[in-house]
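1. Model the following, please.
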Amino acid sequence: MESDLDWHSAHALLAWQVELGVTEAMCDAPVNRYEAAAEMVAAQASVAAVAATARPQTDDPVAEAQRAAQSARTLDELAAAMTAYDHCELKKGARNLVFCDGTPGARVMIIGEAPGRDEDQQGRPFVGKAGQLLDRMFAAIGIGRDRTGDAALYITNVLPWRPPQNRDPKPDEIAMMQPFLQRHVELAAPDILVVVGNVSCQAVLGKRGITRLRGQWDKAYDRPVLPMVHPAYLLRTPTAKHEAWADLLELQARLKDTPKGKGR
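-> Below is the predicted model of the structure:
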């Protein structure tokens, strides 16, 4: 049925009805909303099924990480394997892979949690305020990332990519990067591991509660492990610095009592 209304008149009438609060046009025949909803659900399920069929099947991310990590024969190859690993969503939002700093082969290897803003920008672990405090702490017992020989220090993180807004890493993120971390320790071959913060303790020792665990020797990756509080915690809680100093002295004594290459 044709209407005598021109376009402008029809548009004016429609605008008037909208102003009155009309939200839906009526059809000549009734619409069964229950059937329409069911049809929509069926269509969505069909689209999802087609998408699932078209999506390439991938292996378990942890298993793939294990294969990639074990195939690396050098630290450079391990860094390349981590760069090529695409299952961790953190990689998409990060500027740089934060792999390591210091001297490979150092007797002490520090394992931090994850990069922050400064680390993400520079591609090096522990370069912000917490990292500067970390350097001063270890310099007090005669070791550092810029030194060589027995005074050398090697540093890495559980995660090589910065989490958004510096949030804590998720369990699945830690799990998929653990094979790379273990291989990193094997290739760097330190005598002693120092894990700083709860995330590092969780990844390396399977334990949390760093204020309770700190200063107590443990073992992982066939090496002695000393948990310590994160330097960022010390910046927030200066009263805990005396405990951190006690842990550093404990590390210094362990290094003196253990011949090089015998930490394991």
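2. Please count neighbours and contacts with C-alpha atoms only from this point.
-> Noted.
3. And the helices in the stretch 1-150 of the chain?
-> Along the stretch 1-150 of the chain, counting by DSSP state H, counting those that start in this stretch, helices occupy 7-20, 33-54, 61-71, 75-84, 90-93, 117-122, 129-139.
4. Comparing those helices, which yields the minimum mean pLDDT?
-> Sorting those by mean pLDDT places helix 33-54 lowest, at a mean of 62.
5. Assumed Pro160 was part of a strand.
-> No. Going by DSSP: H, G, I helix; E, B strand; the rest coil, the assignment for Pro160 is coil, not a strand.
6. tell me which residues in stretch 241-261 are buried?
-> Across stretch 241-261, burial judged by 16 or more other C-alpha atoms under 10 Å covers Lys241, Glu243, Ala244, Trp245, Asp247, Leu248, Leu249, Leu251, Leu255.
7. Kindly indicate which of these lies nearest Gly149.
-> Leu255 (13.0 Å; C-alpha to C-alpha).
8. The closest one belongs to a helix?
-> Yes. Leu255 sits within a helix when classified using three-state DSSP.
9. mind checking how far it is from Lys207?
-> As judged by C-alpha to C-alpha, to the nearest Å, Leu255 and Lys207 stand 24 Å apart.
10. Next: Arg183.
-> Using C-alpha to C-alpha, Arg183 is found at 20 Å from Lys207.
11. what's the answer for Arg147, then?
-> 31 Å.
12. Show me which of those two is the more surrounded one.
-> Of the pair Arg147 and Lys207, Arg147 is the one with more neighbours under other C-alpha atoms under 10 Å, namely 16 against 13.
13. Is the closest residue in space to that one that isn't next to it in sequence part of a helix or strand, or is it coil?
-> Distances taken as C-alpha to C-alpha, 6 or more residues apart in numbering put Leu153 closest to Arg147, at 7.1 Å, once the chain neighbours are dropped. Here Leu153 is recorded as strand under three-state DSSP.
14. Dig out what Leu153 forms beta bridges with.
-> Counting by DSSP bridges, Leu153 forms beta bridges with Val108.
15. From what I see, it and Ala106 are in contact.
-> Yes. Applying C-alpha atoms under 8 Å, one finds Leu153 in contact with Ala106, separated by 5.3 Å.
16. State the number of residues packed around Cys88.
-> By other C-alpha under 10 Å, the burial measure for Cys88, its neighbour count, is 16.
17. same check, this time on Pro231
-> Counted with other C-alpha under 10 Å, Pro231 comes out at 24.
18. Hmm, it is touching Phe138, no?
-> No. Using C-alpha under 8 Å, Pro231 makes no contact with Phe138, being 11.2 Å away.
19. what about this structure, any weak spots by pLDDT?
-> Under the criterion pLDDT under 70, the flagged ranges of the chain are 1-8, 21-58, 262-264.
20. these two touch, right, Asn166 and Glu113?
-> No. Counting by C-alpha under 8 Å, Asn166 does not reach Glu113; the two are 10.5 Å apart.
21. Where does Ala246 sit, in terms of helix or strand?
-> Using DSSP states H and E, the element containing Ala246 is helix 241-257.
22. relative to helix 129-139, how tilted is that helix?
-> Interaxial angle, helix 241-257 versus helix 129-139 (axes from the mean of the first three to the mean of the last three C-alpha atoms, to 10 degrees): 50 degrees.
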